[in-house]
Structure formats: structure tokens, C-alpha cells
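> Build me a model from this:
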Amino acid sequence: MARNYHQGYFKPKNPKKYMGNVNNIVYRSSWEKKMLNYLDSHPDVISYASEEFFIPYLSPIDNRLHKYYPDMLVKRKNKEGIVETLVIEIKPKHQTEPPKTKKSKRIMLEESVTFAINQAKWKAAENFCADRKWKFVVLTEESLGIK
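Here you go, the predicted model:
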């Protein structure tokens, strides 16, 4: 399956808001770049980071610990003015749902593995965030207003 990713380095207009090395902010898709622009410019965002920390998770594929680097870490003021911390993952909607069966066996296997790994990562992220009173959110093209 051909994949066309829009990757590059993000240069923030408000570098003081970034938690990490402002000279090494990598985006791995146009969707991540869109989110970085939003976080950098939104007045309610206090600070943000991109892939600056990891969450350990147990892979259902090899039953070993791996490192999951969420796409974004965000501190923001919510609508009530309360500061909250969000851990954000950006994924195509089809990767957030079990694969559909009308595909070749190879594609079904690939998508099933991806789905199982994502579910393990996200469960670990939910537990990690719950321990810290943070929120974990998976955003798709729909929630980003892309499709």
C-alpha cells in the first residue's frame, strides 16, 4: 500500500510555548502540522510538545515492552478557565476501528496488527493519563475538520 506522508520540521511562531527543543519539532503528517500550527497560535494553549516523552506498553504481537511516543502533550485552559493536560494522538479514522473484512488477507493482517498495537498503546496511555489526572484523546481527520 503506497503511503504519501507530508513530513518536515515545524518552526513555531511562539517558541516560548514549546516544551522541548524548538529546533527539532518534527511532524510526520500534514494533520500533525495542522495541529502544531493550531497549538502554537491558540491563546488558550499554555504550552505543548510533540513526541517529547514516551509511555511504556506491552505489545500484543510479541508480548514485550515497547515505547509509545504520543503525538502531542498539551497544557491548556479549558472553557471553564481550568488548566488541563492533554495527551493527543492523531490517526486516520480507519486505524481507530477494527479492520473491515472485504480486503485481501495480507491487508487484513497488516490492519489487524496495526489496530491491536494501537489499542495496546492507547490503553497504556489512558492508564498513564488517569494516574496523572490528564486526558488522553485520539483525533482523526473528522475531528480535525479535514474530511
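> Please report the residue range of the longest strand in the protein.
In the chain, with assignment by DSSP state E, the single longest strand is strand 83-90.
> Residue 16: how many residues sit nearby?
7 (other Cβ atoms under 10 Å). Backbone N, C-alpha and C define where each C-beta goes, glycine included.
> Read off the pLDDT value for it.
Residue 16 is assigned 97 on the pLDDT scale.
> And residue 147, by the same measure?
For residue 147, the predicted pLDDT is 66.
> Quick one: residues contacting residue 71.
Contact analysis of residue 71 by Cβ atoms under 8 Å, 6 or more residues apart in numbering lists 32, 35, 50-51, 88-90.
> which of the residues in the longest strand of the chain are buried?
86-90 (16 or more other Cβ atoms under 10 Å).
> List the contacts of residue 49.
18-20, 72-74.
> isn't there a helix covering it?
No - counting by DSSP: H, G, I helix; E, B strand; the rest coil, residue 49 is located in no helix; its state is strand.
> Can you list the strands that the longest strand of the chain pairs with?
strand 72-77 (antiparallel), strand 135-139 (parallel) (DSSP bridges).
> Just the CA trace of the first one, in CSV.
The C-alpha coordinates for strand 72-77 follow below in CSV (Å, rounded to 0.1, in the frame of the first residue of the first chain):
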residue,chain,number,x,y,z
MET,A,72,1.3,15.8,21.4
LEU,A,73,1.3,16.9,25.0
VAL,A,74,-0.7,20.0,25.6
LYS,A,75,-1.4,22.2,28.7
ARG,A,76,-4.4,24.5,28.0
LYS,A,77,-7.1,26.5,29.7
